[in-house]
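Q: When you get a sec, could you give me coordinates for this:
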Amino acid sequence: MGFPGTWMTESESVVYRVVPKCACSTIGQILHYSDHGVFFDGDIHDAKTGLHKWALEGSQGPITRNVQGHRSYAFTCVRNPYTRILSSFFDKICGIQRNGKRYRGNLVPKLIYDYGIEVGGDDGKQEFDQIKSFRRFLLFVRDSIRFRRPMEPDIHWSAMSGHVSTFIWNGGTYDKIIWTEQFNEGMQEVLDSIETQHPVDLGDIPRFNESEGHGPKRLHPVEDYFDDLSMHLVYEIFKRDFELFKYDVENPGNKMPIGEIDLNEVHAKLGD
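A: Residues are numbered from 1 along each chain as shown. Predicted structure coming up:
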């Protein structure tokens, strides 16, 4: 299986397991800058040089040797499941992607037809009932994750614990899991733990939110999108995420973690 979704600086100062919709664009750019003193010109997900990535054949050997030998500090980043699934809906379902097309071709027309979801018209700019459509999207997410139909789960809404676990299965060990909601504090702890080629001042780092502006603006507070049934579905889908990464399942309006992540617990429960 290897280490899918794993990035590493070329200097091998640090290893990072990407979790989609969890500040991965910003983190990737910070890692690139820490080695080269410049940001990658474009979306860091498109970079074929400047970072080791598991998806690049020439990077797989160095990543495997480093991770299995735990030669470098390794970390990942997680996010509140309520805000993450909302972000996925507005970006991937309602939004036009950077190639000018809908995400995954016929996915959105299929959701419109099978689940009655609205997405704001062809350009995602028209008014629609965001709350009703989002709740129908949650039914699709549940179906794809539990029954693997009408399609396999997508990386942007599959559970974070699934992404995090693949790193552990093949012999990886995390030194830190940071929260998107306390990004600067967590990322500073990572930077303080490694030797970088170039100093990184997090106060000067822009947020590289590559999905921003793709879709319609969220019109309501987070909690308005989740009624009792929606909260039940989200807990059913993301139960391990809430428990391991210490988020508040009872209150969608509280995006902040409510406890400390126990790395021993994460390694034990996700290493099965």
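Q: which SS state does Asp123 fall under?
A: Of the three states, Asp123 takes coil under DSSP: H, G, I helix; E, B strand; the rest coil.
Q: which residue packs closest to it, ignoring adjacent ones?
A: Of all residues not flanking Asp123 in the chain, Ile96 sits nearest, at 6.5 Å (CB to CB, 6 or more residues apart in numbering). For every residue, glycine as well, the C-beta is placed using N, CA and C.
Q: what sits against the one you found?
A: Arg102, Asp123, Gly124, His214, Gly215 (CB atoms under 8 Å, 6 or more residues apart in numbering).
Q: Could you single out the nearest of these to Phe147?
A: Minimum distance to Phe147 across those is 23.4 Å, recorded for Arg102 (CB to CB).
Q: Does the residue nearest to Asp123 have any beta-bridge partners, and if so which?
A: On the basis of DSSP bridges, Ile96 is bridged to Arg102.
Q: could you check the distance from it over to Glu118?
A: The gap separating Ile96 from Glu118 is 15 Å, by CB to CB, to the nearest Å.
Q: for Leu202, same thing?
A: According to CB to CB, Leu202 stands 39 Å off from Glu118.
Q: Quick check: phi and psi on Ile63?
A: phi -60, psi -50 (degrees, to the nearest 10).
Q: correction: Asn66
A: As for Asn66, its main-chain torsions (degrees, to the nearest 10) stand at phi -70, psi -50.
Q: give the contact list for it.
A: So Asn66 contacts Met8, Glu12, Val15, Ser72 (CB under 8 Å, 6+ apart).
Q: One more pass at 10 Å, please.
A: Asn66 sits next to Phe3, Thr6, Met8, Glu12, Val14, Val15, His52, Ser72, Ala74, Gly172 when contact means CB atoms under 10 Å, 6 or more residues apart in numbering.
Q: possible to save the contacts of Ile96 as CSV with pLDDT?
A: Below are the contacts of Ile96 laid out as CSV (pLDDT from 0 to 100):
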residue, pLDDT
Arg102, 88
Asp123, 74
Gly124, 72
His214, 64
Gly215, 72
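Q: Asn80: which of the residues you listed is nearest?
A: Distances from Asn80 to the contacts of Ile96, taken by CB to CB, are shortest for Gly215, at 18.8 Å.
Q: is it true that the closest one touches Gln126?
A: No - judged on CB atoms under 10 Å, Gly215 makes no contact with Gln126 at a distance of 11.9 Å.
Q: tell me, what's touching those two both at once?
A: Residues within reach of Gly215 and of Gln126 at once, by CB under 10 Å, 6+ apart, are Val119, Gly120.
Q: which phi and psi does the closest residue to Phe242 other than its chain neighbours have?
A: Excluding the flanking residues, the one nearest Phe242 by CB to CB, 6+ apart is Val249, at 4.5 Å. With angles defined as degrees, to the nearest 10, Val249 sits at phi -80, psi -20.
Q: Val249 and Glu260, how far apart?
A: Here the criterion is CB to CB. By it, Val249 lies 17 Å from Glu260.
Q: Which of the two has more residues huddled nearby?
A: Val249 (18 against 7; other CB atoms under 10 Å).
Q: Name all residues that make contact with that one.
A: Applying CB under 10 Å, 6+ apart, the residues near Val249 are Pro81, Tyr82, Met231, His232, Val234, Tyr235, Phe238, Lys239, Asp241, Phe242, Glu243, Ile258.
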